[in-house]
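J.: this is a predicted model, with the sequence first.
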Amino acid sequence: MNPEQLKILGSSFLGDLLKSVNLFYPETALVVTFLLAILVDLFTRNRPSCKMSGYVSLIGFFVTAIFLCNSPQGMSFAGTYAVDAFSIFFKWIVLITSFVIIVFSFFSKELFGEERQMGEYYTLIVGMTFGMFLLSGATNLILIYLAIETMSMSSYILAGYTKEIKRASEASLKYVIYGATSSGIMIYGISLLFGLTGSLNLSGINAYLAGNNVNHITLLISGIMIIAGIGYKISAVPFHFWTPDVYEGAPVTITAYLSVASKAAGFAILIRLLNSAFTIHAAGDTINTAWSVMKNVDWTMIIAVLSVLSMTLGNFVAVWQTNVKRLLAYSSIAHAGYILMGVAVMNYTGVSAIMIYLAIYMFMNLGAFFVVMIIANHIDSEDLEDYQGIGYRSPWLGVAMTIFMVSLTGLPPTAGFIGKLYVFTAVLNSGMYWLAVIGVLNSVVSLYYYVKVFRNMFLRGAEKANQPIELSLTVKVILIALIIPNIALGIWFGGLVNWANASAAMILK
Amino acid sequence: METNIFIQLLGNNWIAYTAIAVLPLGFLLLYALVAILAELKVSAWMQDRLGPMRTGPWGILQPLAEVVKLLQKEDITPDLANKVLYNLAPYMMFTGAYAAVAVIPFSQQFVPSNINLGLFYIFAVSAIATIGVVMGGWASNNKYSLLGAMRSVAQIISYEIPAAMAILATAVLASSLNLNEINTVQDGGIFNWFIFGGPGPWFKVFVLPFTFGLCLIYMIASLAETNRTPFDIPEGESELVAGYHTEYGGMKFAMFFLGEYVNMFIVSAIMATIFFGGWQSPFGSSIMSGPVWGLFWFLAKVGTVVFFQIWLRWTLPRLRVDQLMDLGWKYLLPMSFICFFAIALWKMLI
Amino acid sequence: MNLVDIVFYFFAVIIVASAAVVVLSKNIMYSAFSLLFTFFGVAGIYVLLNADFIAVTQLMIYIGGILVLIIFGVMLTTKITGLEMKTGITGKAQYAIGGLSTLVLGGTLIYVFNSTSWFKSPSVPTTSTVEAIGASLLTNYLLPFEAASVLLLLAMIGAALIARRK
């Protein structure tokens, strides 16, 4: 290429670039926040436990939220990044979670107990948010891979942030090893897919697959490999091995973060991949149009099997857990299974159900982990046995935890019920009755261990009532702020459902 | 234009390729002899001595005698050394050094391999020599060797970055990574060399400090990369006996030694090529220029830089490890970034 | 068999043989140094595929960066060099399972590679790939390129964090 050709190429790209920059304000705000957080940290170096860069991150998230509100939609950066209602929905989930997690961190004794430098903590959370933003909109395999790596790289370090605690370092190391393997598998799958179709953009892959007859087995293998990489992020069985250890070892805030945000981002990319690359699209698709998934590989069955495995294993193993974080880890595996049911449906009703579920799951899981963290601050334990009598020692924590647990089980009138309701409805509508039956049976099993948590809090250890746990006002406010959506979304869910429905069909190809 | 005289003369066949591959080897062996002699003599004169005087007239056959001595020595492998790696290391080191010669433009008419990635390639293959150093240091099973190797690698890695920035800046100025093209661009006399900002209008004086600075930075970094004084802590005899080649003797030591001198040649050649116009005549392309003059100018420039390196060796004391790291990371690196940005900005504006 | 084939098999043998040493060797230093030849062979294959930039990058990053880092890590971890690695003392069951899964996986991959009709891009005679790569990075792949910088910065911060004493 000579300079003249390069100039022509450059100017032809300039228009696209200018358009893309307009679509990229939220992410740009995140990157600026990321850099500012480092700089601020540099100037507050000498004051350990300084929350300055945490505040900077919160302000940055706020600015990002403003940009996200007004974000236009469209394809950007030469078709590598889609800004559509679908990705914006997921970005909201990620952004809210990140915001809440940073607020949580201010209360964590685990993190602030030692005179620890906390600057990088916020920086890494902002960086991870950026990775998840990219992931929810990526339509190019390379960008998908990079986004997953950005997200993983930060989460590896965050999981071991309290590195003097052996359990945390171990968690971090396990996470890295599993993560490296799964991303290796994933990039191998990507290379196979590229070799088959000659394209890295999902739209290009889709066009090639629709127009040409490709080898099914190769496509299957590459698809499974890519799904393995994503399955690792959403901790679906059989890619879940890291989950219990990492959830147990990581600081509670990070556990909560991993269980909500990176799961949401993983689902976003899974849905986008299936929808944009492996589904044949006709003009005038609406929310009610069923996807015509390419017949060469039975994606529905693959996802359904993953779903059944995840919920069954997650729920049954959770029953035996005595550590609350571990219990919640298995519960999160089970929830990945429920959400995967919605993916297996392979239509926009399913996608909308997933989005509703994830939005609700965010509130209930964050709530549960917040209570775990506050309890750990006071009794230095995450053991289920030590939870005896918490309900008497602090009725606030007991009631809050009960609500979150009920919500996680999916009983009315909590929000969890609405989430499950929509997912099961989507599954039933698509005619996969067996899947729905397994799902319901699993929910029954989950009731057992969720009840176990608040049974310990209220029905045992009443004699400890004389050692009350005093909560500060801010903690109470946060608890209320987390309880409200869990109840409110169970009663007034119309807004959320409408938003999810409107966003679900808006996946740009 | 075909840039290789052997392919022009012998045709595109294996004879030509063999000649291209072997000729620099012969040249480098000769160069090593001269360089060793220069080192002996320069050090002697700087210290007001005569230096070797007995072998041949004024001792000019001294390096030859040294080589014969090394060749005759018994080939010893220490008992507890790791045999395979111990014996492989010197060749590794020399291979890495010699591989870089492949892209050096000796003259307009003789670039062994005129590839487009020349600069990048040189940087990449120098890694092989690094591996050779580590291999030798570890396989010797000697703590001085190991320490020397680790220091050497740490030093090379640290100083590779400022050196790479300097090289990248010239690549930006020349819009090419091809060494021969970089030379061609610096046509038109001494003030068009990249040390003086390259060809351009009078207001290139604004960029001149930066190119000049980068030249200095590269000079310093290249000294560190070749483990020469004042950066010879990997071999500092007062602390580490002889660093990573403590256990080596005879022919294998000669290989290491040769590898180091070839490395010296390479960095000097890069410097001559990217900052001093390589085979370009300092008086412009009409006076004293042509393939043969090109070879002369190139060798003259390389010789000057090599002399400068020797001169420094006998002038400056050795740095401490922490000073070495400070210099590399805290001074050279930021400075090289600043220079690089300035040059890239200038290139964008003109 | 033409020259290209011969060169290909030459590099292929280097890669496979040295990779086998990496896996099977009981001495971790042998593994590390053997990796050098694997990387080198891969770079050779890249050259054969006319991907000169990738080849040199391979040398630069894998040999100059990763391998040196591995060896450095091994040397700084004093106890590790003499450590017996558990490569030969596993039981028969592990051998059987490992061998079986290797066979199945290898067989599947070989079958897949032979039976698939891969996408063939029109072959364009290239002289140099640098300009094309540069142009792609700043046009079609601008976002991945920029995102990579954030990723690297994150990784750097993380590494500094892990290395810090407190």
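T.: Arrived safely.

J.: can you give me the helices for the stretch 101-250 of chain B?
T.: Secondary structure of the stretch 101-250 of chain B (DSSP state H, counting those that start in this stretch): helices at B:118-139, B:143-174, B:179-185, B:208-225, B:237-240, B:250-275.

J.: packing partners of the last one?
T.: Where contact means 3 or more CB pairs under 8 Å, 6 or more residues apart in numbering or on different chains; DSSP states H and E, helix B:250-275 is packed against helix B:14-46, helix B:62-72, helix B:83-101, helix B:118-139, helix B:143-174, helix B:179-185, helix B:208-225, helix B:291-313. Heads up, the C-betas are built off the backbone N, CA and C, glycines and all.

J.: shaky segments in chain A?
T.: A:1-3, A:48-49, A:282-290, A:509 (pLDDT under 70).

J.: for chain C, longest helix please?
T.: helix C:92-115 (DSSP state H).

J.: picking that back up, wait, which of the helices of the stretch 101-250 of chain B is closest to A:S446?
T.: For A:S446, the closest of the helices of the stretch 101-250 of chain B is helix B:143-174, at 52.8 Å, according to CB to CB.

J.: what comes up buried for that closest one?
T.: B:144-171, B:173-174 (16 or more other CB atoms under 10 Å in any protein chain shown).

J.: tell me how far it lies from the chain's centre.
T.: How far helix B:143-174 lies from its chain's middle: 12 Å, per CA atoms, centre = their mean, to the nearest Å.

J.: quick revisit: tell me which of the helices of the stretch 101-250 of chain B is the most buried.
T.: Greatest average neighbour count among the helices of the stretch 101-250 of chain B goes to helix B:118-139 (a mean of 26), per mean count of other CB atoms under 10 Å in any protein chain shown.

J.: output the contacting helices and strands for that one.
T.: helix B:83-101, helix B:143-174, helix B:179-185, helix B:250-275, helix C:28-48, helix C:52-58, helix C:68-76.

J.: the least confident helix or strand in chain C by mean pLDDT vs helix B:143-174, what angle?
T.: Least confident helix or strand of chain C, by mean pLDDT, DSSP states H and E, is helix C:68-76 with a mean of 80. Taking axes from the mean of the first three to the mean of the last three CA atoms, to 10 degrees, one finds helix C:68-76 and helix B:143-174 inclined to each other by 160 degrees.

J.: got TSV for the helices and strands packed on helix B:250-275, with mean pLDDT and distance to A:W320 too?
T.: Formatted as TSV, the helices and strands packed on helix B:250-275 follow (pLDDT from 0 to 100; distance: least, CB to CB, whole Å):
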stretch	mean pLDDT	distance to A:W320
helix B:14-46	85	69
helix B:62-72	84	72
helix B:83-101	85	51
helix B:118-139	83	49
helix B:143-174	84	49
helix B:179-185	84	67
helix B:208-225	87	59
helix B:291-313	86	70
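
J.: of those, which approaches B:W202 most closely?
T.: Here helix B:208-225 is closest among the helices and strands packed on helix B:250-275 (CB to CB), at 10.7 Å.

J.: near chain C, anything from that closest one?
T.: No. Figure legend: helix B:208-225 not in contact with chain C (CB under 8 Å from any CB of the partner chain); closest approach 12.0 Å.

J.: any idea how far the most centrally placed residue in chain C is from C:V7?
T.: Nearest residue to the geometric centre of chain C (CA atoms, centre = their mean): C:F39, 5.9 Å. From C:F39 across to C:V7, the span is 17 Å (CB to CB, to the nearest Å).

J.: point out the residues in chain C that sit beside chain B.
T.: Residues of chain C lying near chain B (CB under 8 Å from any CB): C:29-30, C:33, C:36, C:52-53, C:56-57, C:59-60, C:63-65, C:67-68, C:71-72, C:75-76, C:81, C:127-128, C:130.

J.: if we go to 6 Å?
T.: Selection of chain C residues close to chain B by CB under 6 Å from any CB of the partner chain yields C:36, C:52, C:56, C:59-60, C:63-64, C:68, C:71, C:128.

J.: I'd like the next helix or strand past the longest helix of chain C.
T.: Next helix or strand after helix C:92-115 toward the C-terminus (DSSP states H and E): helix C:130-138.

J.: distance of B:L146 from B:S152?
T.: 11 Å.

J.: re the thing from before, please name the nearest non-neighbouring residue to the residue nearest to the centre of chain C.
T.: Closest residue in space to C:F39, ignoring its immediate chain neighbours: C:Y62 at 4.2 Å, by CB to CB, 6 or more residues apart in numbering or on different chains.

J.: for that neighbour, helix, strand, or coil?
T.: Following DSSP: H, G, I helix; E, B strand; the rest coil, we place C:Y62 in the helix state.

J.: burial measure for it, as a count.
T.: Residues contacting C:Y62 under the criterion other CB atoms under 10 Å in any protein chain shown number 21.

J.: pull the CA atoms of stretch B:168-185 into CSV?
T.: These are the backbone C-alpha positions of stretch B:168-185, laid out as CSV (Å, rounded to 0.1, in the frame of the first residue of the first chain):
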residue,chain,number,x,y,z
LEU,B,168,11.1,3.6,16.2
ALA,B,169,11.5,7.3,16.0
THR,B,170,13.8,7.0,13.0
ALA,B,171,11.4,4.5,11.5
VAL,B,172,8.8,7.3,11.8
LEU,B,173,11.1,9.8,10.2
ALA,B,174,11.9,7.5,7.3
SER,B,175,8.4,6.0,7.0
SER,B,176,10.0,2.6,6.7
LEU,B,177,11.5,-0.2,8.7
ASN,B,178,13.7,-1.2,5.8
LEU,B,179,17.3,-0.3,6.8
ASN,B,180,18.3,0.3,3.2
GLU,B,181,15.4,2.7,2.6
ILE,B,182,16.2,4.5,5.8
ASN,B,183,19.7,5.0,4.4
THR,B,184,18.4,6.1,1.0
VAL,B,185,16.2,8.7,2.7
